[in-house]
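*Asks:* pasting the sequence and the predicted model now:
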Amino acid sequence: MILQNNSSMGADKGSPVQFEDFLPSMVRKLGSEGLIQELCKGFQLLMDPRAGKITFQSLKRNAASLGLGDLQDDELSEMMREGDLDGDGVLDQMEFCILTVGLSPELMEEEAHI
């Protein structure tokens with residue numbers, strides 16, 4: 001899935017978790033509209049249907065479907081904190097999209113050169 005990161009957050013002590021960054025290749029393959037559709041699908045997959053937003057519990061419950069099942073609670077909490085721009089403790093669709101794109105350093109570098 002797209003919520004991938006070259007992060008140094010590690011589930012094992014001394015062994016960083018490395019995620020491949022698929023976002024740039026998705027942009028090249030799908031174009032910007034296709035990427036937005038995929039981001040929306042990712043948000044729908046992770047969100048709590050009752051809240052209409054991603055909560056810590058919904059992220060924890062659905063993280064494995066995005067290949068993030070090995071992340072610890074503190075790492076998931078950090079992701080939530082990083083993405084929560086308005087400080088309400090949850091991620092709305094826009095915050096999720098910003099977080100996802102922000103976790104893609106290669107995509108940010110490509111955009112800077114355009």
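*Replies:* Yes, it's here.
*Asks:* state which helix of the chain is the longest.
*Replies:* helix 23-46 (DSSP state H).
*Asks:* burial count for residue 55?
*Replies:* For residue 55, the count of nearby residues is 17 (other Cβ atoms under 10 Å). No exception for glycine: its C-beta is placed from N, CA and C like everyone else's.
*Asks:* name the nearest residue to it, sequence neighbours excluded.
*Replies:* Among residues not flanking residue 55 along the chain, residue 48 sits closest, at 4.8 Å (Cβ to Cβ, 6 or more residues apart in numbering).
*Asks:* show me the beta-bridge partners of the one you found.
*Replies:* residue 53 (DSSP bridges).
*Asks:* what sits against it?
*Replies:* Shown in contact with residue 48 (Cβ atoms under 8 Å, 6 or more residues apart in numbering): 54-55, 57-58.
*Asks:* just the terminal-to-terminal distance for stretch 45-52.
*Replies:* 11 Å (Cα to Cα, to the nearest Å).
*Asks:* quick check: residue 85 vs residue 78, distance?
*Replies:* 15 Å (Cβ to Cβ, to the nearest Å).
*Asks:* ok, residue 103 to residue 61 distance?
*Replies:* 20 Å.
*Asks:* just residue 79 next, same as before
*Replies:* From residue 79 to residue 61 the distance is 14 Å (Cβ to Cβ).
*Asks:* neighbour count winner among these two?
*Replies:* Taking other Cβ under 10 Å, residue 79 and residue 61 do not tie; residue 79 has more neighbours (22 against 12).
*Asks:* list the contacts for the more buried one?
*Replies:* 59, 71, 99 are the contacts of residue 79 under Cβ under 8 Å, 6+ apart.
*Asks:* low pLDDT regions in the chain?
*Replies:* Residue ranges of the chain with pLDDT under 70: 1-23, 104-114.
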